[in-house]
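J.: Give me the fold of what follows.
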Amino acid sequence: MAKSTKTIADLVRAWKSDGIAHVQFELPDMHGTSRSKLVPIDHVEGYAHKGLNMYGGTVVLDTASSVVANTLYNEEVNYADQYLIPDLETAIIVPWLDRTARLICEGSWEDGSPQKAAPRWVLRQLLNKADSLGYAVKLGLEYEFYALSPDTSEPYFGGLHIFNTLRNRYIPLIDQIMDEMPKAGIDLITANCEYAPSQFEINFAPTNGIVAADQAFTFKNGVKTIAHQMGQNATFMTKPFSDTAASGCHVHIGLIKKETGENIFLDNSDHDGLSSIARQFIQGMMDHTPASMALLAPTINCYSRFKPHTFAPSNISWGPQDRSAAVRAKNSRDDNTHLENRLGTGLSNPYLAIAAVLAAGLIGIENGKEAKTPKAKSGPAEENPNYAKLPTTIEESLLALESDKKFSSLLGEEFVQAYMTMRWNEVYRFRSHITDWEKQEYLEVY
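T.: Numbers count the residues shown, from 1 in each chain. Alright, predicted model coming up:
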């Protein structure tokens, strides 16, 4: 982690003067969920210096919080502790919690070696690679979510009311989120109801580097906490209902030349307003779509999202301003020109979603070849039969990740082994489960 200009002594002193009594040492796990320990303020400085001990396999738990063998951080190290090292640049007072501050951490072993499977560590290595090439990475993430009754797990209203002014603020939860998030340093820019009953999207301004992922992590976990406090359930589950829209996470990305501040995706002499580097980045995303989907669509449930005519992609495609394409070129012909990868799902981990997009794009730049995948020229990309189809299951994506050596090498061997083992364990658990559909279809008649 970059050395902070803050000191823990200064932070603790300021927090005490603000009446803070507790500090959450938070670890982003494989799923983007916050795992943490709550530390009384008087013990924060000591733990920040020496590291806060936590079970070392926490970061590789599966979605059921099961301990999974062969993920490198369990029986292989005798279930040893890791030590949470806080990034002081992530320090905030959490406005929706009582007298509580927060520090985002990464785990290290007792000898000081990092947990290289940790999602935040993986993303930082890729951002460092971009930095070594002379690029700052500008990022924005758009997460959709459902607000549901905790008693019935059903929506609070029915029908399709996208952008309907009444529905935008139909439940007090939305106003509460809009009030609280800016106090945590998250610059909200829009909020609206989405294309399903009780589904919403609240967007925040783009920012550079790891901060963008940290803010998305804070937003997702904060939304769930605020909803819980208000007696509701906010879920980022990709497809909670078979007959309504899925929740996505579009990853917006641009590259800025560090020396000049120039947007290197922009070229107004080009007929599409896109530079050669932008087209190389696009081709990288096209070439490595199957493998990247193991991170962008990380669960079994996510693959119910990718259907034609649902504003979700169904093939490996790109096009200027095309909402049906896997990659949408936001070619505004000014410094806002950037690329939007639309494959991410509500269940994606923000650190890994960004890592997937950035890794694929950087490979494209290193290859130095402009997009051989043609842009969608007429009609939506999803209706073009010439584009290859997306993987239809998590199994296909995991196999693609395993076989795509160039892509997986950028993520790191340690991460890929831990991640693949954990995800396959989830698949095996699901495939051994008898669903309600199977019982209804076969039990009585046959």
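J.: Could you use CA atoms for every contact and neighbour count after this?
T.: OK.
J.: Check the offset of whichever strand or helix holds W437 from the chain's centre.
T.: Using DSSP states H and E, W437 maps to helix 436-442. When C-alpha coordinates are averaged (C-alpha atoms, centre = their mean, to the nearest Å), helix 436-442 and its chain have centres 34 Å apart.
J.: Can you name every helix or strand that it contacts?
T.: Using 3 or more C-alpha pairs under 8 Å, 6 or more residues apart in numbering; DSSP states H and E as the contact test, no helix or strand touches helix 436-442.
J.: Any stretches of the stretch 1-150 of the chain with poor pLDDT?
T.: By pLDDT under 70, the low-scoring segments of the stretch 1-150 of the chain are 1-5.
J.: now the strands for the stretch 51-200 of the chain?
T.: 52-55, 81-93, 100-108, 135-148, 188-193, 199-204 (DSSP state E, counting those that start in this stretch).
J.: what's the fourth one packed up against?
T.: With contacts taken as 3+ C-alpha pairs under 8 Å, 6+ apart, strand 135-148 sits against helix 119-132, strand 199-204, strand 207-208, helix 210-229, strand 233-235, strand 249-257.
J.: That strand to helix 119-132, inter-axis angle?
T.: If you take axes from the mean of the first three to the mean of the last three C-alpha atoms, to 10 degrees, strand 135-148 sits at 150 degrees to helix 119-132.
J.: and strand 135-148, which residues are buried?
T.: 135-148 (16 or more other C-alpha atoms under 10 Å).
J.: Distance from the chain centre to it, please.
T.: Worked out by C-alpha atoms, centre = their mean, strand 135-148 lies 7 Å from the chain centre.
J.: CA atoms only for it, dumped as PDB, please.
T.: Taking only C-alpha atoms (Å, rounded to 0.1, in the frame of the first residue of the first chain), the coordinates of strand 135-148 have been written out as PDB:
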ATOM      1  CA  TYR A 135      -1.500   5.800 -17.100                       C
ATOM      2  CA  ALA A 136      -3.800   6.900 -14.300                       C
ATOM      3  CA  VAL A 137      -7.000   4.900 -14.300                       C
ATOM      4  CA  LYS A 138     -10.300   6.800 -14.000                       C
ATOM      5  CA  LEU A 139     -13.200   4.600 -12.900                       C
ATOM      6  CA  GLY A 140     -16.900   4.700 -12.200                       C
ATOM      7  CA  LEU A 141     -19.200   1.800 -11.100                       C
ATOM      8  CA  GLU A 142     -23.000   1.700 -11.500                       C
ATOM      9  CA  TYR A 143     -24.600  -0.800  -9.200                       C
ATOM     10  CA  GLU A 144     -28.300  -1.600  -9.200                       C
ATOM     11  CA  PHE A 145     -30.100  -3.200  -6.200                       C
ATOM     12  CA  TYR A 146     -33.600  -4.200  -5.000                       C
ATOM     13  CA  ALA A 147     -35.200  -2.900  -1.800                       C
ATOM     14  CA  LEU A 148     -37.400  -5.700  -0.400                       C
END
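J.: So which of the strands of the stretch 51-200 of the chain is nearest E370?
T.: Minimum separation from E370 across these (C-alpha to C-alpha) falls at strand 135-148, 18.5 Å.
J.: That closest one to strand 249-257, inter-axis angle?
T.: For strand 135-148 against strand 249-257, the angle by the same axes, to 10 degrees is 160 degrees.
J.: Go through the helices and strands packed on strand 135-148 and name the closest to F265.
T.: strand 249-257 (6.6 Å).
J.: From the contact counts, what lies against that closest one?
T.: Helices and strands touching strand 249-257, by 3+ C-alpha pairs under 8 Å, 6+ apart, are strand 135-148, strand 338-341, helix 350-367.
J.: what's the closest of those to M286?
T.: helix 350-367 (8.2 Å).
J.: Show me what the closest one is packed up against.
T.: When contacts are defined as 3+ C-alpha pairs under 8 Å, 6+ apart, helix 350-367 packs onto helix 119-132, helix 210-229, strand 249-257, helix 276-287, helix 289-296, helix 405-411.
J.: to the chain's geometric centre, what's the distance from the helix or strand just after it?
T.: Sequence-wise, the next helix or strand downstream of helix 350-367 (DSSP H and E) is helix 394-403. Computed by C-alpha atoms, centre = their mean, the chain-centroid distance of helix 394-403 equals 19 Å.
J.: Buried residues, helix 394-403. List them.
T.: Neighbour-count burial for helix 394-403 flags 394-398, 400-402 (criterion: 16+ other C-alpha under 10 Å).
J.: so who does P40 touch?
T.: When contacts are counted by C-alpha atoms under 8 Å, 6 or more residues apart in numbering, P40 is found next to 21-23.
J.: I meant to write E414 there.
T.: E414 neighbours (C-alpha under 8 Å, 6+ apart): 72, 116-117.
J.: repeat that with 10 Å
T.: E414 makes contact with 71-72, 115-118, 122, according to C-alpha atoms under 10 Å, 6 or more residues apart in numbering.
J.: export those to TSV and tack on distance to L266?
T.: Shown next, in TSV, are these (distance: C-alpha to C-alpha, whole Å):
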residue	distance to L266
T71	42
L72	43
Q115	37
K116	34
A117	34
A118	33
V122	28
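J.: Which member of those residues is positioned nearest H43?
T.: Q115 (24.0 Å).
J.: quick one: the closest one and Q82, what's the gap?
T.: Separation of Q115 from Q82 (C-alpha to C-alpha, to the nearest Å) stands at 8 Å.
J.: And K116, by the same measure?
T.: From K116 over to Q82 (counting by C-alpha to C-alpha), the distance is 12 Å.
J.: So these two - more neighbours on which side?
T.: It is Q82, of K116 and Q82, that has more neighbours when counted by other C-alpha atoms under 10 Å, with 26 against 20.
J.: so what's that one closest to, chain neighbours aside?
T.: In this structure, Q82 finds its nearest non-sequential neighbour in G56, 4.3 Å apart by C-alpha to C-alpha, 6 or more residues apart in numbering.
J.: which residues does the one you found contact?
T.: G56 neighbours (C-alpha under 10 Å, 6+ apart): 72-74, 77-84, 107-109, 115.
J.: now P313
T.: Contacts for P313 (C-alpha under 10 Å, 6+ apart) come out as 305-307, 322-327, 341-343, 381-382, 389-390.
J.: and with 6 Å instead?
T.: Contact partners of P313, counting by C-alpha atoms under 6 Å, 6 or more residues apart in numbering, are 306, 324-326.
J.: related to what we said a few turns ago, and the residue nearest to Q82, its phi and psi?
T.: phi -70, psi -20 (degrees, to the nearest 10).
J.: Share the number of residues neighbouring G159, please.
T.: Residues near G159, counting by other C-alpha under 10 Å: 10.
J.: wait, what's in contact with it?
T.: G159 sits in contact with P197, where contact means C-alpha under 6 Å, 6+ apart.
J.: Sounds good, over and out.
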